[in-house]
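*Asks:* no sequence for this one, just the structure:
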């Protein structure tokens with residue numbers, strides 16, 4: 001293959017990868033570990049960092065997914081977040097929840113309003 005063709009192919013690959021949209025980033029107030037004391041879920045947690053969301057019983061057993069999009073809207077006095085995420089096989093998922101900033105933050109799933117998730121405070 002001639003050098004000019006090789007360079008052209010490399011530039012084309014670079015441009016294609018540069019065109020891929022960057023995933024949305026979670027707002028800083030959502031970043032952290034979220035826990036609930038609700039029956040059946042007391043040993044579970046949700047974690048969010050700026051680009052990933054995960055669910056599990058410990059940091060070692062949590063399933064982590066790449067966040068692809070975050071939509072934020074207002075529904076009355078509440079803020080609704082819809083987090084789109086995908087696994088390593090590109091399977092797509094969504095989680096819709098309300099966020100309330102009071103008391104350090106609370107998350108309530110849109111389809112399970114009886115589950116209240118509280119942001120875990122850092123321990124030293």
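*Replies:* Perfect, I can see it now. Being a predicted model, the structure only gives us computed values, none of them experimental.
*Asks:* which residues are in contact with stretch 80-99?
*Replies:* Contact with stretch 80-99 is made by 26, 29-30, 52-53, 63, 65-75, 78-79, 105-111, 117, as judged by C-beta atoms under 8 Å, 6 or more residues apart in numbering. Backbone N, C-alpha and C define where each C-beta goes, glycine included.
*Asks:* What helix or strand is residue 74 located in?
*Replies:* strand 63-75 (DSSP states H and E).
*Asks:* what angle separates the helix or strand that comes right after that strand from strand 63-75?
*Replies:* Next along the chain after strand 63-75, taking DSSP H and E as the criterion, comes strand 78-86. On the basis of axes from the mean of the first three to the mean of the last three C-alpha atoms, to 10 degrees, strand 78-86 is oriented at 150 degrees to strand 63-75.
*Asks:* Give me the neighbour count for the nearest residue to residue 101 once chain neighbours are set aside.
*Replies:* Take residue 101 and drop its neighbours on the chain: the residue closest to it by C-beta to C-beta, 6 or more residues apart in numbering is residue 29, 6.7 Å away. Residue 29 has 12 neighbours, counted by other C-beta atoms under 10 Å.
*Asks:* Spit out the contact partners of residue 29.
*Replies:* By C-beta under 8 Å, 6+ apart, residue 29 lies in contact with 99, 101, 105.
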